[in-house]
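*Asks:* What would the 3D arrangement of this be:
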Amino acid sequence: MEKTLIIAKPDALQRGLVGEIIRRLENKGLKLVGIKMLSLDSELLQEHYEEHLEKPFYAGLEKFMKASPVVLMAWEGYECVNSVRLLVGDTNPRKADAGTIRGDLSIGTGRNLIHASDSKSKGESEVKLFFDPSEIFEYDKAEYMHIYESHERE
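*Replies:* Numbers count the residues shown, from 1 in each chain. Model (predicted):
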């Protein structure tokens, strides 16, 4: 099963939307395998957003991500990265489809509620960046037989 990282950003926490984000991911049939709250520091943010360090918006992004704790979540499911990206919606909430997390719950480009891994490899590496192996849980999810075909559960 594939893993992906979700960060409920400071705006999601401050607006009381973390539960709604979790509800939508659980309703999709994804499995929460790790969750914690953390105040992010510059070192961790710079490692996570490495490809954006030289971009003009980075300083504001780092300041925003340090303004409040975030909720870090590791999710698992069959091809879950793509499923999560569809649920989350376009990075620009004004372009995100209705029914997506960003499309329904946000409007400002710099306050788009959530980070979601953008590829399978990023999902794996981002989960490892933010979670120790002991913080990721393996357990049977009984409802999987009602969500996935047998070949998708392997």
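*Asks:* Give me the residues contacting stretch 51-69.
*Replies:* With contact meaning C-beta atoms under 8 Å, 6 or more residues apart in numbering, stretch 51-69 is reached by 9-10, 13-14, 37-42, 45-46, 49, 110-111. For the C-beta atoms, the positions are set from N, CA and C on the backbone; glycine is no exception.
*Asks:* quick one, what contacts residue 40?
*Replies:* 65-66, 70.
*Asks:* Which of the residues you listed fall within helices?
*Replies:* Among these, the ones falling in helices (DSSP state H) are residue 65.
*Asks:* Neighbour-wise, give me the winner out of the contacts of residue 40.
*Replies:* residue 70 (25 neighbours; other C-beta atoms under 10 Å).
*Asks:* Specify the beta-bridge partners of that one.
*Replies:* Note on residue 70: beta-bridge partners by DSSP bridges are residue 38.
*Asks:* Run a quick check on it versus residue 7, I expect a contact.
*Replies:* Yes - using C-beta atoms under 8 Å, residue 70 makes contact with residue 7 at a distance of 5.3 Å.
*Asks:* Without its sequence neighbours, what residue ends up closest to residue 5?
*Replies:* Among residues not flanking residue 5 along the chain, residue 126 sits closest, at 3.8 Å (C-beta to C-beta, 6 or more residues apart in numbering).
*Asks:* list the contacts for that neighbour?
*Replies:* Residue 126 neighbours (C-beta under 8 Å, 6+ apart): 4-5, 48, 117.
*Asks:* which one among those residues gets closest to residue 84?
*Replies:* The shortest gap between residue 84 and any of the contacts of residue 126 belongs to residue 4, at 5.3 Å (C-beta to C-beta).
*Asks:* Could you report the neighbour count for that closest one?
*Replies:* Neighbours of residue 4 (other C-beta under 10 Å): 28.
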